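K.L.:
no sequence for this one, just the structure:
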């Protein structure tokens, strides 16, 4: 078993569901000299203001490892998962209510499905998830020869394929057997293609606005990579690194893209999201959050001007949880000065 290495120094870069319940829960880089921090006590949320940027914990969910935020425009809701808790959650931004579904295996990502319902990666299965009748059906399985593996992050590409990668299950936070994962995609006809293996922790992924480049993160490489991408076939090629994370940024995790074609990367153990220019390889902006274990991000809201960030609390000691009471919550960031794009639905 291998413990996560220290980040490099600069320079750079048929599953059944149980239990559905409701409950209330309660552009340019900003110069540091202009930044301020204000904390306002609120029964259900705290508001942090850094210049024009506001960071609010909108849901104290106490996720062990919150991940895969996806905005559902039709319901004005945010979908997300809690991987080790085996939960898919849906937070209604209007009513502030949460619904959740508990599965029988770790659920690592969720996505919209054309025609209604959702798809999710559950254990080592791609599954169809029907929220209304609380059922899930396996569409395909991967890594059947690796009993200790599970899926991790996943996302649908512009052609409606569901890309997702695997990893070895952690025996403890940040402890896992390396090079056990692979990257796959589920096509609309439910066949699966494997792109490559020897992956440590398959993580963030997205596509360029012209659909010619695929961006990908294998967390322990401490790199954001790019591939040439063929929209028609789904093939990827010509892998290269476009950004190496600096020491204080820690571990690259989930990722999304904005309408200007810039990438936003959540930094696990770094307590931040960073904005990158994939063409120049430069970091354009850093937004720090009041929690350390930031895991993923997406744009949402009625005009996709809000960013939602998930985070984790597993691996934190009692003192750390006392200092970061919102760890495992869902954060909303406004005032970024840029919008995102709607998520693509799986077409199968």
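P.N.:
Good, I have the coordinates. Here the structure is a predicted model, which is why all the values come from computation and not from measurement. Numbering: from 1, shown residues only.
K.L.:
which stretches of the stretch 151-300 of the chain form strands?
P.N.:
In the stretch 151-300 of the chain, the strands defined using DSSP state E, counting those that start in this stretch lie at 162-168, 175-176, 181-186, 192-199, 202-207, 213-218, 223-229, 236-244, 251-257, 263-268, 272-277, 282-288, 294-300.
K.L.:
tell me which strands and helices the third one is in contact with?
P.N.:
Helices and strands in packing contact with strand 181-186 are listed as strand 162-168, strand 192-199, strand 202-207; criterion 3 or more Cβ pairs under 8 Å, 6 or more residues apart in numbering; DSSP states H and E. The way it works is simple: take the backbone N, C-alpha and C, and place the C-beta from them, glycine included.
K.L.:
just so I know, which of those lies nearest residue 63?
P.N.:
Taking Cβ to Cβ, strand 202-207 is the member of these nearest to residue 63, at 16.7 Å.
K.L.:
Around residue 103, count how many other residues there are.
P.N.:
Residue 103 has 22 neighbours, counted by other Cβ atoms under 10 Å.
K.L.:
related to what we said a few turns ago, pick the most buried one from the helices and strands packed on strand 181-186.
P.N.:
With neighbours taken as mean count of other Cβ atoms under 10 Å, the helices and strands packed on strand 181-186 reach their highest mean count in strand 162-168, at a mean of 27.
K.L.:
How far off centre is that strand?
P.N.:
Offset of strand 162-168 from its chain centre (Cα atoms, centre = their mean, to the nearest Å): 12 Å.
K.L.:
Equivalent analysis for stretch 326-345, please.
P.N.:
From the chain centre to the centre of stretch 326-345 is a distance of 11 Å (Cα atoms, centre = their mean).
K.L.:
Over to stretch 217-229?
P.N.:
15 Å.
K.L.:
ends of it, how far apart?
P.N.:
15 Å (Cα to Cα, to the nearest Å).
K.L.:
What mean pLDDT does that stretch get?
P.N.:
For stretch 217-229, mean pLDDT rounds to 98.
K.L.:
go on, stretch 162-169?
P.N.:
Mean pLDDT, computed over stretch 162-169, is 98.
K.L.:
who touches it?
P.N.:
Contacts to stretch 162-169, defined as Cβ atoms under 8 Å, 6 or more residues apart in numbering, come from residues 106, 108-109, 111, 119, 121, 124, 126, 142-143, 146, 148-157, 176-178, 180-186, 199-203, 205, 218, 346, 348.
K.L.:
one step back: dump the helices and strands packed on strand 181-186 to JSON lines, plus distance to residue 253.
P.N.:
Below are the helices and strands packed on strand 181-186 laid out as JSON lines (distance: least, Cβ to Cβ, whole Å):
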{"stretch": "strand 162-168", "distance to residue 253": "12"}
{"stretch": "strand 192-199", "distance to residue 253": "14"}
{"stretch": "strand 202-207", "distance to residue 253": "5"}
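K.L.:
Among the ones you listed, which comes closest to residue 57?
P.N.:
With Cβ to Cβ as the measure, strand 202-207 is the member of these nearest residue 57 (22.0 Å).
K.L.:
Does anything pack onto that closest one? Which helices or strands?
P.N.:
Contact analysis of strand 202-207 by 3+ Cβ pairs under 8 Å, 6+ apart lists strand 149-156, strand 162-168, strand 181-186, strand 213-218, strand 251-257, strand 263-268 as its packing neighbours.
K.L.:
so the third one versus strand 162-168, what angle?
P.N.:
Going back to what we said before, that points to strand 181-186. For strand 181-186 against strand 162-168, the angle by axes from the mean of the first three to the mean of the last three Cα atoms, to 10 degrees is 160 degrees.
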